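> sharing a sequence plus its predicted fold:
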Amino acid sequence: VDPSWLATPLKTFIARAEGSEYGADSSSKVLYYGDAESPDDIEEMKHAAKNADACFFFLSTNSGEGGDRDSLSLDHDDFVAPVAQHCSRSVAVVTTPGATLLPWADSVDAILVNFMPGVASAFATMDVVLGDVNPSAKLPITFPMIENEEGMTEEQYPGLDDGMNVTYTEKWSFGYRHYHSHKLSPRYWFGEGQSYTTFEMTKPKLSEDNEGGGFKVKFTVSNTGKVKGAAVPQLYLQLNQDCDAPMFMLKKFEKVKMDVGESKDVEWKVDERDVSIWDADKDGWSKCKGKATARLAWSANFQDDKLYDLELKVQ
């Protein structure tokens, strides 16, 4: 797509940092450096970084419709780590259609992944990094540490016979569920995302849904920070082990917007479909009867996040 109008990050940063209409300091300056094609380019970037208040790295993949990327790596990102160590503050802005490798993640202070954001992405980026907008997005995918971390074989992807014969031997074990089942940690978990404020949630209460069948899960979310924002609590279910679906799977989530100090109640209904899996023999949904566990969390990162477990009995 060749848009008729496009706001570039460079022009937008210059307008915000140097423009008097935004109340900018007249002494502010934005310096720009393109791709680091030689060691001299990197040394020049390092020198500029030492004297800068903040460094912004804009990175992307070179991809489009009609073909897969050659790898999960970004294009020309080898300079990020050596330059970032000279920055007093550093932010990486990543434009990518999907998961990507971020080997330099620990070298920068913040990472903003905007996926495929559109022609006004430069404005949105400035709004977030300057604090005009409090980010509330959560990752809809899991970011791995290395290529093919899930160990997909050729039979699984792209398949044999020119992709006409694909074997789904991974069953439920893909994405965040693969990391749970193999006790691995990715770079970033599904459902993770930072905010300029902080949130807390109360221990959930479980009750039976007498009208619709199933269960009700109720809890309270509070904004305990200093700016308004939005939290996204998530509910994962681990069904009965006899149902060939032993892993926690996301079933409910909700974006809850709150002012400073505000609290809001959240109630979810866990219905028959939520506690069922697809039965290929019956060509329909089959309820998983028996014991199940509902887990309330902030993301699929069950290792670090505070979470609550509720025991269910599906009849």
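Alright, I've got the coordinates. If you're wondering where the values come from, they're calculated on a predicted model, not measured in any experiment.
> so where's the protein uncertain?
Filtered on pLDDT under 70, the chain yields the residue ranges 19-26, 212, 305.
> endpoints of stretch 259-279, how far apart?
Start and end residues of stretch 259-279 are separated by 45 Å (Cα to Cα, to the nearest Å).
> ok, residues contacting it?
Stretch 259-279 is contacted from outside by 197, 209, 212-228, 233, 235, 237, 239, 243-245, 251-252, 254, 256, 258, 284-288, 292, 294, 312, 314, using Cβ atoms under 8 Å, 6 or more residues apart in numbering. The way it works is simple: take the backbone N, C-alpha and C, and place the C-beta from them, glycine included.
> buried stuff in that stretch?
266, 268, 270, 274-277 (16 or more other Cβ atoms under 10 Å).
> how far is it from where the chain is centred?
Offset of stretch 259-279 from its chain centre (Cα atoms, centre = their mean, to the nearest Å): 20 Å.
> ditto for stretch 293-313
With Cα atoms, centre = their mean, you get 18 Å for stretch 293-313.
> picking up where we left off before, buried subset of the contacts of stretch 259-279?
By neighbour count, with 16+ other Cβ under 10 Å, these hold 197, 214-217, 219, 221-223, 225, 233, 235, 237, 239, 243, 245, 251-252, 256, 258, 287-288, 292, 294, 312, 314 as buried.
> coming back round to it: out of the buried residues of stretch 259-279, which is nearest to residue 83?
Nearest to residue 83 among the buried residues of stretch 259-279, counting by Cβ to Cβ, is residue 266 at 42.9 Å.
> which strand or helix spans that closest one?
strand 263-270 (DSSP states H and E).
> partners of that strand in the sheet?
strand 215-223 (antiparallel) (DSSP bridges).
> closest to residue 92 among the buried residues of stretch 259-279?
Nearest to residue 92 among the buried residues of stretch 259-279 is residue 266, at 32.8 Å by Cβ to Cβ.
> from residue 273, how far out is the closest one?
Look at residue 266 and residue 273: by Cβ to Cβ, to the nearest Å, they are 20 Å apart.
> next: residue 279.
13 Å.
> swap in residue 151?
Distance from residue 151 to residue 273, counting by Cβ to Cβ: 31 Å.
> gap between the two ends of stretch 142-155?
By Cα to Cα, the extent of stretch 142-155 from end to end equals 22 Å.
> now do that stretch: distance to the chain's middle.
The answer for stretch 142-155 is 17 Å, by Cα atoms, centre = their mean.
> outside of it, which residues touch it?
So stretch 142-155 is contacted by 71-72, 99-102, 160, 165-167, 169-170, 173-176, 178-179, 184-190, 300 (Cβ under 8 Å, 6+ apart).
> inside helices: which ones of those?
Mapping the contacts of stretch 142-155 onto helices (DSSP state H) picks out 176, 178-179.
> tell me which of these is nearest to residue 17?
Of all the ones in helices among the contacts of stretch 142-155, residue 17 sits closest to residue 176, with 38.4 Å by Cβ to Cβ.
> what's the burial count for that closest one?
Residue 176 is flanked by 24 other residues according to other Cβ atoms under 10 Å.
> that one is in contact with residue 192, isn't it?
No. Using Cβ atoms under 8 Å, residue 176 makes no contact with residue 192, being 10.0 Å away.
> shared neighbours, those two?
With Cβ under 8 Å, 6+ apart as the test, residue 176 and residue 192 both reach residue 300.
> and stretch 172-185, how far out from the chain middle?
Distance, centroid of stretch 172-185 to centroid of chain: 16 Å (Cα atoms, centre = their mean).
> ok, and for that stretch, which residues are buried?
So for stretch 172-185, counting by 16+ other Cβ under 10 Å, buried means 174-181.
> re the thing from before, make JSON lines out of the buried residues of stretch 259-279 and add distance to residue 10.
Formatted as JSON lines, these follow (distance: Cβ to Cβ, whole Å):
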{"residue": "266", "distance to residue 10": "42"}
{"residue": "268", "distance to residue 10": "44"}
{"residue": "270", "distance to residue 10": "49"}
{"residue": "274", "distance to residue 10": "47"}
{"residue": "275", "distance to residue 10": "52"}
{"residue": "276", "distance to residue 10": "52"}
{"residue": "277", "distance to residue 10": "50"}
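> between the two ends of stretch 195-203, how far is it?
This stretch, stretch 195-203, spans 22 Å end to end (Cα to Cα).
> I meant stretch 277-293, not that one.
With Cα to Cα as the measure, stretch 277-293 spans 15 Å from end to end.
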